[in-house]
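Student: fold the following and give me the result.
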Amino acid sequence: MKLGYCSITWGGVVGHPQGVTSVKDLFYLTHGSMRDAVQDIASVGYQGVEMFDGNLVEYADKPEELKEILGTAGVELTSVYTGANFIYADILPDEMHRIHRAAELAASFGAERLVVGGGARRAAGTTDQDYQRLGEALDSVTDIAESFGLSASYHPHLSTIVESPEELDRLMPLTRIGFCPDTAHLAAGGADPAAVIRKYADRIQHVHLKDFQKDPFNFLPLGQGELDFPDIIAAIKESGYDSWLMVELDNYDGDPREAAALSKKYLEKLL
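Tutor: Numbers count the residues shown, from 1 in each chain. Sure thing, here's the model as predicted:
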């Protein structure tokens, strides 16, 4: 297995401001320096990086700059994260336009994977049709990804209609997209991450590793929270998945490089 790290720790996540008035431009974005993030990630020994779609958009007109950042550091762009509401018919074409752009950029910078979150929660409550629409949209995302030579995987996420294990079970039969377990989001949604990985072993296309503390709620570097990573890693190995393990940390009260190094040291012991 190869180890990578997500750039989100260098600035957190926001939506592109143009997306407020134009859904097709509502890319995810971290405000930190991608040069700093890639250099830090490489310096502690990770081989790959995952970025948000919006950060790739920033390099769309200057692609050689990002390629130089990655090449100088000796790090691969392994994956790109994107997402959408997916349940509102009127805006779905514009959301798919954005995901098409994300996949196009991901492929142009050498990524192999498109990671997708989403499925909006309505103010009036979630309906059965919402899961049907989400499943159909994720099949379209898979088609888009595959047209650029990418694999696509769905990432359950807090604040979407796929938080809990029961909600994941509702979705998975409705779509052919791969599965990206995020250990902390699964735990925060009430699941045993290792059990979910074992249940959907044949669907795993990508993995996010993140630790979690329930009270007070916090995402943490690996080994500093409550999750049973020896069992999680065992479940991943049992599944036959033998590829990128992407460490992720949404935010950190300190130097992001330090957090990346803490997780790397813990993983090395575990593996």
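
Student: and Ala103, how many neighbours?
Tutor: 26 (other C-beta atoms under 10 Å). The way it works is simple: take the backbone N, C-alpha and C, and place the C-beta from them, glycine included.

Student: now it: which helix or strand?
Tutor: Ala103 belongs to helix 92-108 when elements are defined using DSSP states H and E.

Student: and what of Val162?
Tutor: Going by DSSP H and E, Val162 is not in any helix or strand.

Student: so it sits against Leu168, correct?
Tutor: Yes. Val162 lies in contact with Leu168 (C-beta atoms under 8 Å); the separation is 5.5 Å.

Student: sorry, back to before: for the helix holding Ala103, which helices and strands make contact with it?
Tutor: Here helix 92-108 touches helix 53-57, strand 76-84, strand 113-118, helix 128-147, going by 3 or more C-beta pairs under 8 Å, 6 or more residues apart in numbering; DSSP states H and E.

Student: quick one: closest of these to Leu186.
Tutor: Taking C-beta to C-beta, strand 113-118 is the member of the helices and strands packed on helix 92-108 nearest to Leu186, at 12.7 Å.

Student: just the CA trace of stretch 120-139, in CSV.
Tutor: The C-alpha trace of stretch 120-139 is given here as CSV (Å, rounded to 0.1, in the frame of the first residue of the first chain):
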residue,chain,number,x,y,z
ALA,A,120,-28.2,17.2,0.1
ARG,A,121,-30.5,17.2,3.1
ARG,A,122,-33.7,19.0,2.3
ALA,A,123,-35.2,21.4,4.9
ALA,A,124,-38.5,19.6,4.5
GLY,A,125,-36.8,16.2,5.1
THR,A,126,-35.2,13.5,3.0
THR,A,127,-37.4,11.4,0.7
ASP,A,128,-36.9,7.9,-0.8
GLN,A,129,-36.7,9.6,-4.2
ASP,A,130,-33.7,11.6,-3.0
TYR,A,131,-31.7,8.3,-2.6
GLN,A,132,-32.8,7.2,-6.1
ARG,A,133,-31.8,10.5,-7.6
LEU,A,134,-28.4,10.4,-5.7
GLY,A,135,-27.8,6.8,-7.0
GLU,A,136,-28.6,7.8,-10.6
ALA,A,137,-26.4,10.9,-10.4
LEU,A,138,-23.5,8.9,-9.0
ASP,A,139,-23.8,6.5,-11.9
